[in-house]
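Chemist: Here is my input; please provide its structure:
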Amino acid sequence: MTVTWTTKCGTWTNPAGKSRGTDAAAARRVTNITTKNIAVQVTVNVASGDAGLIFRYSKPNGQASFYRLILRFATKAGQLKIEKVLSGYSPIVVKERDVNIEHSTDYQLRVVVAEGCFIVFLDGKYEFTAWDSSLNDGVCGLEVLAGTADFDDFKQWNIPDPQDL
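Modeler: Next up, the predicted model:
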């Protein structure tokens, strides 16, 4: 299946074959493939702000809800977080971990999503597993918060429902 992209907010360009998101608040771009169980991977280089992957993005009643796996630079060491974003509410931290990250450095993010289980990797290294079953399906994509980031080598794989294995 061919992946096509839809911009939800912010400004998106494609310098040197990469996908660059920029916005003072939030820039989001999502794929056309709706799925429940998926593995998603991307290389991200955050020039400023925070950035990462979004998954199970949907807009019931016109209001967006989704999960995000994000590199947060607000703390001294930096953090890798999964947050649940429900329209009209502040983001809810599902799980977080302190990691040593710096702006203007390439990082590979990967999340494997099966039912309510999220398995997170940074640069090919397992970081943590988190659980939440509030949102059941949707599309995946890219997100930048209050800054600019380049994304490259985006990949997604549908994985079988664990009940079917």
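Chemist: What sits closest to T129 if chain neighbours are left out?
Modeler: I119 (5.2 Å; Cβ to Cβ, 6 or more residues apart in numbering). C-beta here means a position set from N, CA and C on the backbone, and glycine is covered the same way.
Chemist: host element of that neighbour?
Modeler: Using DSSP states H and E, I119 sits in strand 117-122.
Chemist: I33 touches W157, doesn't it?
Modeler: No: with contact defined as Cβ atoms under 8 Å, I33 does not reach W157; the gap is 10.5 Å.
Chemist: Pull up the gap between the residue nearest to T129 and V111, please.
Modeler: Separation of I119 from V111 (Cβ to Cβ, to the nearest Å): 7 Å.
Chemist: quick one on the thing from earlier: name the residue in I33 and W157 with the higher neighbour count.
Modeler: Set side by side, I33 and W157 show unequal neighbour counts under other Cβ atoms under 10 Å, the larger going to I33 at 15 against 11.
Chemist: helix/strand/coil for that one?
Modeler: With DSSP: H, G, I helix; E, B strand; the rest coil as the basis, I33 sits in coil.
Chemist: Now do the same contact list for it.
Modeler: If a contact means Cβ atoms under 8 Å, 6 or more residues apart in numbering, then I33 has M1, V3, V139, C140, Q156, N158 as its contacts.
Chemist: which of these count as buried?
Modeler: Buried by 16 or more other Cβ atoms under 10 Å: V139, C140, Q156, out of those.
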